[in-house]
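> just to be clear, the model below is a prediction. Sequence and coordinates:
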Amino acid sequence: MKGRRTSYEIYWEILVYCRTARSFTAVIGRCDLNSKTGQEYIAFLCSKGYLDKVREGGKTLIQSTEAAKEYIDQFSGLYQKLFDKGPEFRLQ
């Protein structure tokens, strides 16, 4: 499947990438988002309890929560059933 990513694919990319605490700049760069849409996706995932903002060395980083694991697993499983392959990051 090619073309635009769905919001669900973008959520998955953000949550998987943020398993390790990441800066906002790293997240939007790696997930190929602009600043405005990146803020919207991150705010939504934070409001649902899937992302947390953590302080490390004076910086605010974004990290997936334990609750995000359920979304990641369910989305990956559904994607696998639909397309006979797991979801992948667009950028390598």
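That came through fine.

> tell me the pLDDT at the residue nearest the centre of the chain?
Against the mean C-alpha coordinate of the chain, by Cα atoms, centre = their mean, the closest residue is residue 14 at 1.2 Å. The model reports residue 14 with a pLDDT of 97.

> can you pull out the strands in this structure?
In the chain, the segments counted as strands under DSSP state E are 51-56, 59-64.

> save those strands as a markdown table, and put in mean pLDDT too.
Shown next, in a markdown table, are those (pLDDT from 0 to 100):
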| stretch | mean pLDDT |
| --- | --- |
| strand 51-56 | 95 |
| strand 59-64 | 97 |
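
> most neighbours per residue, which of those strands?
strand 59-64 (a mean of 16; mean count of other Cβ atoms under 10 Å). C-beta coordinates here come from the backbone N, C-alpha and C atoms, glycine included.

> for it, name the packing helices and strands.
helix 24-30, strand 51-56 (3 or more Cβ pairs under 8 Å, 6 or more residues apart in numbering; DSSP states H and E).

> roughly how far is that strand from the heart of the chain?
12 Å (Cα atoms, centre = their mean, to the nearest Å).
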